[in-house]
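A.B. asks: here you go, sequence then predicted model.
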Amino acid sequence: MNTYTDFFKALSDETRLRILHLLVVSKSELCVCEFTDILETPTYNVSKHLKILKNAGLINERKEGRWVYFGLTPVKGRFLELLFEAIKEIPAQQLKTDLNELQKRFDIRIEGKCLLGIQKEHLKNH
């Protein structure tokens, strides 16, 4: 039962829901700097939220050189499948804005990878 409690605790924050929504809809891994630009949130806060989601078992991380990519944990069982489907269906306007920003970040990837770092000036020094 603790696993399910951990899932719902991790989902009790708007930023973490936004992160999961991006991962569910994009079906891609995203790097910390991409989350920073998309969410308009300092890297420190993004990292904190990613750690909570990872500790809850909802996402995993992969290092590639100096970049750290985060993706959904592989779905094992119907519960996570349904949970991710429910997250995909949240109709909030903010999530639509996030997806527009996600596309901008995908458009500047080099060979499918994030190699440019944070692009929004006001977030670079946080």
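C.D. replies: Arrived safely.
A.B. asks: report the contact partners of I52.
C.D. replies: Going by CB atoms under 8 Å, 6 or more residues apart in numbering, I52 touches A10, D13, R16. Any C-beta I mention is one placed from the backbone N, CA and C, and that applies to glycine too.
A.B. asks: what about stretch 23-39, how long is it end to end?
C.D. replies: With CA to CA, to the nearest Å as the measure, the ends of stretch 23-39 fall 13 Å from one another.
A.B. asks: show me the strands in this structure, by range?
C.D. replies: Using DSSP state E, the strands found in the chain span residues 30-31, 59-64, 67-72.
A.B. asks: in a markdown table: the ones you listed, plus mean neighbour count, distance to V24 and mean pLDDT.
C.D. replies: Below are these laid out as a markdown table (neighbours: other CB atoms under 10 Å; distance: least, CB to CB, whole Å; pLDDT from 0 to 100):
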| stretch | mean neighbour count | distance to V24 | mean pLDDT |
| --- | --- | --- | --- |
| strand 30-31 | 22 | 11 | 96 |
| strand 59-64 | 14 | 10 | 94 |
| strand 67-72 | 18 | 7 | 94 |
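A.B. asks: dump these into JSON lines; add distance to L99 as well.
C.D. replies: Formatted as JSON lines, these follow (distance: least, CB to CB, whole Å):
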{"stretch": "strand 30-31", "distance to L99": "12"}
{"stretch": "strand 59-64", "distance to L99": "18"}
{"stretch": "strand 67-72", "distance to L99": "16"}
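A.B. asks: which of the ones you listed sits closest to F106?
C.D. replies: F106 sits nearest to strand 30-31 of all those, at 9.3 Å, using CB to CB.
A.B. asks: having no further points to raise, I will conclude here.
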